[in-house]
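1. can you look at this prediction? I've put the sequence above it.
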Amino acid sequence: MQIRRFGPDLKSKISGNHPGLYGVPIQLRRGQIPPEKLEEFARRVNGMPLWLDAELQVEAMYFDPHASIEEHAADHPTLFLVIKGQGTVRIGGPAGETRKIAAGDVVLWPAYLEHTVWTEDEELHAIVINTFKAEKAH
């Protein structure tokens, strides 16, 4: 049986230009981290994530008050499930659609569209599910 504990007490800073943003990797694709770096990775993220042979990655994200994720686009769709708190999401760049989000909301970030999330006076906790397209064998 595999069990991965996650929560705000196990969070680590997410690298990059994301002030006040922390995370816990819950599940990763097998082989995503080189074997020689697994021990170091597990120490940095407070335990070993679950490994699956699946084109999927799941993580918990924790936004402090006045936190943000840098606006970016990904080459895959992502589901952003808000489980606590509230914030604001924008999809489509600086002139894109902006909406308030709160616990119980799920946002779809389509592939190749810029998106960002930020908080004001309240924290926000979310589960993020990245779905990757399986590569075709040549």
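-> Cool, got the structure. Numbering: from 1, shown residues only.
2. where do the strands sit along this protein?
-> For the chain, the strands identified by DSSP state E occupy 12-13, 21-29, 50-52, 56-63, 78-91, 97-102, 106-109, 115-118, 124-131, in order along the chain.
3. could you export these as CSV, including mean pLDDT, distance to K37 and mean neighbour count?
-> The C-beta positions use only the backbone N, C-alpha and C, and glycine is treated the same way. Converted to CSV, the strands of the chain look like this (pLDDT from 0 to 100; distance: least, C-beta to C-beta, whole Å; neighbours: other C-beta atoms under 10 Å):
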stretch, mean pLDDT, distance to K37, mean neighbour count
strand 12-13, 96, 15, 13
strand 21-29, 96, 12, 20
strand 50-52, 93, 14, 14
strand 56-63, 97, 17, 21
strand 78-91, 98, 24, 18
strand 97-102, 98, 34, 12
strand 106-109, 97, 28, 16
strand 115-118, 98, 29, 21
strand 124-131, 97, 20, 19
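4. ok, which of the ones you listed comes nearest I3?
-> Within these, the stretch nearest I3 is strand 50-52; the backing value is 8.3 Å (C-beta to C-beta).
5. wait, T119 sits on H18?
-> No. In this structure, T119 is not within contact of H18 by C-beta atoms under 8 Å, at 11.7 Å.
6. out of the strands of the chain, which comes closest to Q2?
-> With C-beta to C-beta as the measure, strand 50-52 is the member of the strands of the chain nearest Q2 (5.2 Å).
7. got any residues that touch both of T119 and H18?
-> Common contact partners of T119 and H18 (C-beta atoms under 8 Å, 6 or more residues apart in numbering): A67, S68.
8. which residue packs closest to F63, ignoring adjacent ones?
-> Residue nearest to F63 in three dimensions, not counting chain neighbours: L124, with 4.3 Å by C-beta to C-beta, 6 or more residues apart in numbering.
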